[in-house]
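1. Coordinates only, no sequence provided:
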RNA sequence: GGAUAGGUGGCAGAGUGGUUAUGCGCGGGACUGCAGAUCCCGUCUAUUAGGGUUCAAAUCCCUACCUAUCCUCCA
């Protein structure tokens, strides 16, 4: 398998440190508000990625941090007149709910930053001892001039960063681009430390957490492209300075942005679409379809119109899946891997989920033409089910419902033959309310989930 | 100013040297109790512009213009 690695800037062959096992870390949200669709793009992508790795036999530990304390948390707490941890507990739970609505359930462990204060302080202590960090008037800073590879991930040149003139100039820093490891603070929440009571800086929580679970090196680090600089750059500087290792994560994957009318979807510009609002009107699987029907490394556009046209495409595919699935039950593993060589090939070539979806649409067209031989239909079902293991774009409820739908449709057919259309239409309309769409074609009636 | 991606039909968005991407939309027809879906046909030379390499370029090279993101918290 190969995919785009940010550090080398190339599409690279994937070989984990330990054969058959993958340790992956993905930056989670700062829980001070509901997540929006742009966040979801990244989280759905990595959920899909991890599920695929598992589907092809890797043992994966998927670790995600939760930033449960930040300046934004404190601002929010003030606004809502609540304690900071009430705010982060509330939005952490909301985050988990939103993930659930999008079928994101592959994370092995969520690590909350404030539960790792000892690990954080230990790292800062070691950085100071080794001469990479210094205590200053308002906190402890990482001395970026001591770490030669600072800027390598983002391919930035330190001199030019300074020329950017947007770097905070503070007298307490030795270099403008130095970043804070520990912020001194007298107000709560704060914790004791050898440098005075205060709060951890943002970048240090991730390396403290990953060192705790994985040690100084692991296989894949993921996140959105906005985190490349300075966040991930800082993580590399922190951990490699401590470990002396050549790398922190062997591979770096960054998901591109979801944009809204030419600009990034962000809270500051107020153009966000919250996940919980979107899933009220569209199934989570349709949202996943929309997000995965793109290249993870390319920016994509969201507008209501574009999203709705994507939902139409999803409906078509879902219908084809339901038809195939009711035609052939595949409860066990069957031959799904063997029949899915083309899908595996697409994934192995830079995780081309969009190509997979296009190929499923080709299958859908064949199914709708109604001339698919039984043997062929079985391989189609296998492909659908294999792809769905990681794409998660089809509702699978169809299999259980089949037992009820058969007899029910038979009754309705008899009603229609007797000309009792009022009664038969009522059945159709009630089923639609329940999320089941039935359609009459010459001679037979089909049903599917969604619509 | 620097860095990184890009500029493809009405819309979204694949494709890295030669073949119909795919979906949505639009027009016409078929099917139908109605609805919906589906099928068939069509949607004019779709590849930012100008050079170059090549038998052949959306795909490689050069130039120009344009866009997004990052350089500040951000998925």
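-> Here it is on my side, so go on. It should be emphasised that the depicted structure is a prediction, and the values quoted were computed from it without experimental measurement. Numbering: from 1, shown residues only, chains lettered A, B, ... in the order given.
2. could you list every residue that touches the residue of the stretch 1-150 of chain A found nearest RNA strand B?
-> In the stretch 1-150 of chain A, the residue found nearest to RNA strand B is residue A:38; the distance is 2.4 Å by C-beta to the nearest atom of the strand. Glycine gets a C-beta too; all of them are placed from N, C-alpha and C. By C-beta atoms under 8 Å, 6 or more residues apart in numbering, the contact set of residue A:38 is A:224, A:257-258, A:264-266, A:272.
3. again, only this time at 10 Å
-> For residue A:38, the contacting residues are A:224, A:226, A:255, A:257-260, A:264-267, A:271-273, A:275, A:291, A:300, A:302, by C-beta atoms under 10 Å, 6 or more residues apart in numbering.
4. low pLDDT regions in chain A?
-> For chain A, the stretches with pLDDT under 70 are A:161-168, A:262, A:330-333, A:397-403, A:442-443, A:450-451.
5. Using just helix, strand and coil, how would you label the nearest residue to residue A:26 once chain neighbours are set aside?
-> Distance criterion C-beta to C-beta, 6 or more residues apart in numbering; nearest residue to residue A:26, sequence neighbours excluded, is residue A:222 at 4.2 Å. What DSSP: H, G, I helix; E, B strand; the rest coil gives for residue A:222 is strand.
6. Kindly report the same for residue A:254.
-> strand.
7. OK, contacts around the residue of the stretch 351-451 of chain A found nearest RNA strand B?
-> Here the residue of the stretch 351-451 of chain A nearest RNA strand B is residue A:439; by C-beta to the nearest atom of the strand that distance is 2.6 Å. With contacts taken as C-beta under 10 Å, 6+ apart, residue A:439 has the following neighbours: A:319, A:428, A:445-448, A:451.
8. and if we set it to 8 Å?
-> Counting by C-beta under 8 Å, 6+ apart, residue A:439 touches A:445-448.
9. Which one of the residues you listed is nearest to residue A:169?
-> Comparing the contacts of residue A:439 against residue A:169 with C-beta to C-beta places residue A:448 closest, at 60.8 Å.
10. for the closest one, helix, strand, or coil?
-> strand.
11. Start and end of stretch A:276-285, how far apart?
-> Its start and end residues considered, stretch A:276-285 measures 13 Å (C-alpha to C-alpha, to the nearest Å).
12. Among the contacts of residue A:439, name the buried ones.
-> Among the contacts of residue A:439, the ones that count as buried by 16 or more other C-beta atoms under 10 Å are A:445, A:447-448.
13. would you turn those into JSON lines with distance to RNA strand B?
-> Converted to JSON lines, these look like this (distance: C-beta to the nearest atom of the strand, whole Å):
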{"residue": "A:445", "distance to RNA strand B": "8"}
{"residue": "A:447", "distance to RNA strand B": "10"}
{"residue": "A:448", "distance to RNA strand B": "8"}
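14. Closest to residue A:419 out of those?
-> When those are ranked by distance to residue A:419 (C-beta to C-beta), residue A:445 comes first, at 16.3 Å.
15. Which strand residues bridge the closest one?
-> Residue A:445 forms beta bridges with residue A:440, as assigned by DSSP bridges.
16. check contacts around it.
-> Counting by C-beta under 8 Å, 6+ apart, residue A:445 has contacts A:409, A:412-413, A:438-439.
17. same question, residue A:34
-> By C-beta under 8 Å, 6+ apart, the contact set of residue A:34 is A:91, A:94-95, A:98, A:274-276.
18. one more time with 6 Å, if that's ok
-> Going by C-beta atoms under 6 Å, 6 or more residues apart in numbering, residue A:34 touches A:94, A:274, A:276.
19. hmm, which of the residues you listed are the buried ones?
-> Judged by 16+ other C-beta under 10 Å, buried ones among these: A:94, A:274.
20. Of the contacts of residue A:34, which belong to helices?
-> Among the contacts of residue A:34, the ones falling in helices (DSSP state H) are A:94, A:276.
21. Show me which of the contacts of residue A:34 is closest to residue A:169.
-> Checking the contacts of residue A:34 against residue A:169 by C-beta to C-beta gives residue A:274 as the nearest, at 36.1 Å.
22. What residues does the closest one make contact with?
-> A:34, A:36.
23. Tell me the bridge partners for it.
-> In this entry, residue A:274 is beta-bridged to residue A:36, by DSSP bridges.
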